[in-house]
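[1] Pasted the sequence and its predicted model underneath.
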Amino acid sequence: MKTLFIAGHARLPQGMAAKNVFDTVTITVEIDKRYGVILEASCTLATEHGREYLGRLLRGISIRNGVDEGIELIREHYRGKATNALIACMKDLYKQYELVSA
């Protein structure tokens, strides 16, 4: 295999639709091993539209040297209550990436 599957997790804030189903939000990514590029991304947001949007937002970025680009994209383009939780997911995702790519 030339890819890795990695997940990052974070707690959801109160008052979110997804909070009724999940206590946490998860971002999963399939990453190219060589370059750290996100080939596919998904998350556990409540709506299909939100899940697809986040997938498109993160696709194509490299996390080889960190997740600052992904975090900035979330801050700039996502305007929902889960912003901080998604950012925490990205940070956790990078920790998992560091463990498997070292």
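    Good, I have the coordinates.

[2] Show me where this structure has its strands.
    Taking DSSP state E as the criterion, the chain carries its strands at 3-11, 24-32, 38-43.

[3] Any buried residues in the first one, and which?
    What it means is strand 3-11. By 16 or more other CB atoms under 10 Å, the buried positions in strand 3-11 come out as 4, 6, 8-10. In short, each C-beta sits where N, CA and C put it, glycine included.

[4] That strand: partners in the sheet, and parallel or antiparallel?
    Strand pairing for strand 3-11, using DSSP bridges, gives strand 24-32 (antiparallel).

[5] possible to save the buried residues of strand 3-11 as JSON lines with distance to Ile63 and pLDDT?
    Compiled in JSON lines, the buried residues of strand 3-11 are given as follows (distance: CB to CB, whole Å; pLDDT from 0 to 100):
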{"residue": "Leu4", "distance to Ile63": "10", "pLDDT": "95"}
{"residue": "Ile6", "distance to Ile63": "9", "pLDDT": "96"}
{"residue": "Gly8", "distance to Ile63": "10", "pLDDT": "95"}
{"residue": "His9", "distance to Ile63": "16", "pLDDT": "93"}
{"residue": "Ala10", "distance to Ile63": "16", "pLDDT": "92"}
